[in-house]
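**Q** Could you work out the structure for the sequence below:
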Amino acid sequence: MKIMVYPGSFDPITLGHLDIIKRASKMADKVIVAIMHNPSKKCYFSLEERMEFIRKSVKDLDNVEVDFSDGLMVDYLKKVSATAAIRGLRAITDFEYELQWAAFNQNLDPDFEAVFLMANSEHSFLSSSIVREIGRMGGDIKKMVPQEIYEEIQNKLKDKV
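**A** Predicted coordinates:
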């Protein structure tokens, strides 16, 4: 069974993330969307909220699961017997960061593999931080997040102004 992991903070999940998940689900028997704990990031939404947002967004994808880890990503990949990590690329700056990220993980585990998917051009500007910023300022994020969670995220962002 080919298992791939899509790691990230997903704070919150965007349509760009969902596009990568859908495309990855066609490449693997199972895709695990893994919320990774990053001590250098202060997340806006709780772990439980982020997991629920992702679950609602991928409910129609039978081979996609949601999980979390507070350890090293390479250790998580081994734990779930994953063949690779999935990463999305939006711009050249993403490539530079992801190249370093892949090299770092290969240094930790020589068997580490990464699969990079180019963002769909309609989502290439999207990031969770942009969604949070626009939503907190009262802007409409309807074209940025999955419709299943749009109202919930929009309301939470307005409430936290």
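
**Q** dump the residue contacts of residue 35.
**A** 7, 8, 9, 10, 47, 50, 51, 54, 66, 67, 68, 69 (CB atoms under 8 Å, 6 or more residues apart in numbering). C-beta here means a position set from N, CA and C on the backbone, and glycine is covered the same way.

**Q** hmm, try it at 6 Å
**A** Taking CB atoms under 6 Å, 6 or more residues apart in numbering as the criterion, residue 35 is in contact with 10, 50, 68.

**Q** State the three-state secondary structure for it.
**A** Three-state assignment for residue 35 (DSSP: H, G, I helix; E, B strand; the rest coil): strand.

**Q** Please apply the same query to residue 20.
**A** Here residue 20 is recorded as helix under three-state DSSP.

**Q** separation between residue 100 and residue 42?
**A** 22 Å (CB to CB, to the nearest Å).

**Q** For the two, indicate the residue with more neighbours.
**A** The neighbour count for residue 100 versus residue 42, taken as other CB atoms under 10 Å, is higher for residue 100 (10 against 7).
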